[in-house]
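Trainee: What shape does this take:
(one chain, ligands or ions: 1)
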Amino acid sequence: MPIYDLRCQQGHRFEVIQSFTAELPACPVCRSRAVKLPAGCALSGVAAVPPAHDSQPQTWRGTYHGDRGYLAELRAQAQARSRLEAKYPELAADQRPVIAHEGRYEAAPLRLGDPLE
Ligand SMILES: [Zn+2]
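Mentor: Numbering: from 1, shown residues only. Got it, this is the predicted structure:
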């Protein structure tokens with residue numbers, strides 16, 4: 001549900017979390033009618049996060065048959081991701097090697113150390 005900034009006729013400001021269709025509450029201070037304030041601007045200029053290593057192409061075809069420009073772009077993304085993960089290890093994906101990825105493990109690859117059923 002969205003958060004609304006409200007202001008009453010006396011100038012008191014408060015916030016409510018409620019559905020779009022619900023009736024707006026009265027001011028908690030003076031009980032007068034409140035109106036929605038325009039939404040504030042969101043933060044902009046968010047840094048681009050390099051894609052995870054797992055999202056790199058896994059096949060030759062996925063690299064447009066080794067297109068040099070695309071490979072250079074992928075390499076730059078991978079290096080940027082590695083630098084990010086070095087700084088913020090909690091962002092790093094599972095680093096254990098995949099030991100089975102076909103058949104029953106296609107959806108969830110078996111990694112070294114996973115229990116065998
Ligand atoms: Zn008020």
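
Trainee: what secondary structure does the residue of the chain most remote from its centre sit in?
Mentor: Taking Cα atoms, centre = their mean, the residue of the chain most remote from its mean C-alpha position is residue 30, at 40.2 Å. Of the three states, residue 30 takes coil under DSSP: H, G, I helix; E, B strand; the rest coil.

Trainee: how about the residues of the protein near the ion?
Mentor: 8, 10, 12, 27, 29, 30 (Cβ under 5 Å from the ion). The way it works is simple: take the backbone N, C-alpha and C, and place the C-beta from them, glycine included.

Trainee: Give me the contact list for stretch 6-21.
Mentor: 1-5, 24-30, 32-37 (Cβ atoms under 8 Å, 6 or more residues apart in numbering).

Trainee: Which members of those are classed as buried?
Mentor: Buried members of the contacts of stretch 6-21, counted by 16 or more other Cβ atoms under 10 Å: 4, 27, 34.

Trainee: The second one contacts residue 34, correct?
Mentor: So that's residue 27. Yes: Residue 27 lies in contact with residue 34 (Cβ atoms under 8 Å); the separation is 5.2 Å.

Trainee: For the closest residue to residue 101 other than its chain neighbours, which residues are in contact?
Mentor: Closest residue to residue 101 apart from its sequence neighbours, by Cβ to Cβ, 6 or more residues apart in numbering: residue 109 at 4.2 Å. Shown in contact with residue 109 (Cβ under 8 Å, 6+ apart): 98, 100, 101.

Trainee: of these, closest to the ion?
Mentor: Nearest to the ion among those: residue 98, at 60.3 Å, using Cβ to the ion.
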